[in-house]
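Student: pasted the sequence and its predicted model underneath.
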Amino acid sequence: MTHQKVAKLINVATLLILILSYAELGMAITKGKSLDQATPAQRKAFESVVFLSVTGGSQSTGSGTAIHIGNGVLLTAAHVIYGFNDEAMAIVALNSEKNSLGGGLIEPEWERISAPKLGTLTDKYGEYSIPDLALLIPKDPDLRAKIAGLPVIKISTEAPAIGETFTYLGNGPGASNGLEQFGQLKISEVGEIYSTSLSNKKNGVSALEPGDSGGSLFRENAAGVLELVGIGFEAMNQGKESLSLINKLQDSRIKEWLSSAYEKINSTPLLWAQGLNRSCKSVFIF
């Protein structure tokens with residue numbers, strides 16, 4: 001056997017080991033579907049998704065996801081827009097088709113409003129407050145007008161339920177493949193402030209990855225209208241499993257913060273969906 005054949009076999013074996021190791025971690029074990037396979041209702045919701053590219057501070061670059069909730073106001077995970085040095089931090093917003101909406105330094109071009117602290121969560125990076133939520137508003141009129149031109153989706157008053165399966169789209173490098181594919185998450189537990197989705201190699205459920213933070217949990221009702229249910233913010237490796245965490249928006253304290261903060265910015269009420277949709281399809285967009 002030639003040296004070239006031996007080297008080729010070694011490369012193939014190494015690749016198989018890496019693939020198996022990645023699957024053992026429970027990360028992105030489902031590649032997902034192409035956006036071409038999305039339903040009309042999903043594609044409409046995807047147009048509300050914004051990709052955030054963040055530069056500056058202690059890290060050179062970072063990324064996350066956000067959703068347009070009305071009048072140019074974005075809802076995202078707080079750590080996406082608070083994880084950098086404020087004096088050097090810059091954000092560039094793009095929509096789900098990766099068309100640039102614009103950007104600039106966090107001050108004075110962007111305004112941030114974080115949710116009140118209701119608890120704490122500890123992971124490998126340390127301890128931080130939850131819910132991990134924040135509003136992001138561009139101060140530049142032209143940029144805000146561009147974002148305001150994106151579709152608006154109402155926020156559901158009904159929390160996710162254990163066993164519900166959701167589809168996601170995101171800027172993470174794995175199954176979501178940078179806003180080019182969407183996969184599945186399934187609710188395994190529902191807490192007071194956040195819900196979880198468990199991923200392992202047996203259940204075929206994917207996990208959140210870096211860049212997916214700030215993604216939006218949606219429920220599609222029988223009329224084909226999508227409603228926002230939660231915001232993804234964390235993934236924790238647990239041996240051969242991974243646990244994805246999603247902020248709930250239905251807690252009375254979070255609802256009060258969202259409504260009051262939004263109305264102070266806009267002098268108009270935030271749109272909340274009404275009614276129950278247990279029998280409806282669900283979609284999860286990252």
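Tutor: Great, that's in hand.
Student: from A161, how far off is K248?
Tutor: Distance, K248 to A161, using Cβ to Cβ, to the nearest Å: 11 Å. Bear in mind the C-beta positions are built from the backbone N, C-alpha and C, glycine included.
Student: what does K124 give?
Tutor: Distance of K124 to A161, computed by Cβ to Cβ: 29 Å.
Student: which one of the two has more residues nearby?
Tutor: Legend: neighbour count by other Cβ atoms under 10 Å for K124 and A161, higher for A161 (13 against 6).
Student: for that one, phi and psi?
Tutor: Per-residue torsions, A161: phi -120, psi 150 (degrees, to the nearest 10).
Student: and it, how far is that from A93?
Tutor: Plainly put, A161 is 32 Å away from A93 if you go by Cβ to Cβ.
Student: for the stretch 151-286 of the chain, which segments count as helices?
Tutor: Applying DSSP state H, counting those that start in this stretch to the stretch 151-286 of the chain gives helices spanning 252-266.
Student: in it, where is pLDDT below threshold?
Tutor: 169-170, 172-183, 201-202, 204, 206, 275-286 (pLDDT under 70).
Student: again, only this time at 80
Tutor: 165-185, 197-212, 220-222, 225, 235, 237-243, 274-286 (pLDDT under 80).
Student: now the stretch 1-150 of the chain
Tutor: In the predicted model of the stretch 1-150 of the chain, residues 1-38, 42-43, 45-46, 55-62, 83-90, 94-100, 105-108, 123-128 satisfy pLDDT under 80.
Student: go again using 70 as the cut-off
Tutor: Ranges of the stretch 1-150 of the chain meeting pLDDT under 70: 1-35, 56-60, 83-88, 96-98, 107, 125.
Student: which residue ranges of it form strands?
Tutor: In the stretch 1-150 of the chain, the segments counted as strands under DSSP state E, counting those that start in this stretch are 33-34, 49-56, 59-70, 73-76, 90-95, 100-105, 110-114, 119-123, 126-130, 134-138.
Student: just those: most buried one?
Tutor: Counting by mean count of other Cβ atoms under 10 Å, strand 73-76 has the highest mean neighbour count of the strands of the stretch 1-150 of the chain, with a mean of 25.
Student: what's that one in contact with?
Tutor: Contacts with strand 73-76, where a contact means Cβ atoms under 8 Å, 6 or more residues apart in numbering, come from 50, 52, 64-69, 93, 133-137, 147, 213-214, 216, 228, 231, 258, 262, 265-266.
Student: residues in contact with the residue nearest to K44 when sequence neighbours are not counted?
Tutor: Once flanking residues are discounted, K44 sits nearest to P151: 6.0 Å by Cβ to Cβ, 6 or more residues apart in numbering. P151 makes contacts with 44-45, 47-48, 68, as judged by Cβ under 8 Å, 6+ apart.
Student: do I193 as well
Tutor: Taking Cβ under 8 Å, 6+ apart, one finds 118-119, 130-131, 247-248, 251, 254 in contact with I193.
Student: select only the buried ones of those in PyMOL?
Tutor: Of the contacts of I193, the buried ones go into a single PyMOL selection, burial set by 16 or more other Cβ atoms under 10 Å:
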select buried, resi 130+131+247+248+251+254
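Student: among the contacts of I193, which one sits closest to S100?
Tutor: Using Cβ to Cβ, N247 is the member of those that lies nearest S100, at 27.1 Å.
Student: related to what we said a few turns ago, between K248 and A161, what contacts are shared?
Tutor: Between them, K248 and A161 share these contacting residues under Cβ under 8 Å, 6+ apart: V190.
Student: skipping its backbone neighbours, what lies nearest I246 in space?
Tutor: Closest to I246 by Cβ to Cβ, 6+ apart is G230, at 4.2 Å.
Student: I meant to write G232 there.
Tutor: Spatial nearest neighbour of G232, excluding adjacent residues (Cβ to Cβ, 6+ apart): G215 at 4.2 Å.
Student: how many neighbours does the one you found have?
Tutor: 31.
Student: surely it meets T65?
Tutor: Yes: assessed by Cβ atoms under 8 Å, G215 is found in contact with T65 at 4.5 Å.
Student: about what we covered before: the residue nearest to I246 contacts G191, doesn't it?
Tutor: No: the pair G230 / G191 is not scored as a contact, 11.3 Å apart, by Cβ under 8 Å.
Student: higher neighbour count, those two?
Tutor: Taking other Cβ under 10 Å, G230 and G191 do not tie; G230 has more neighbours (28 against 13).
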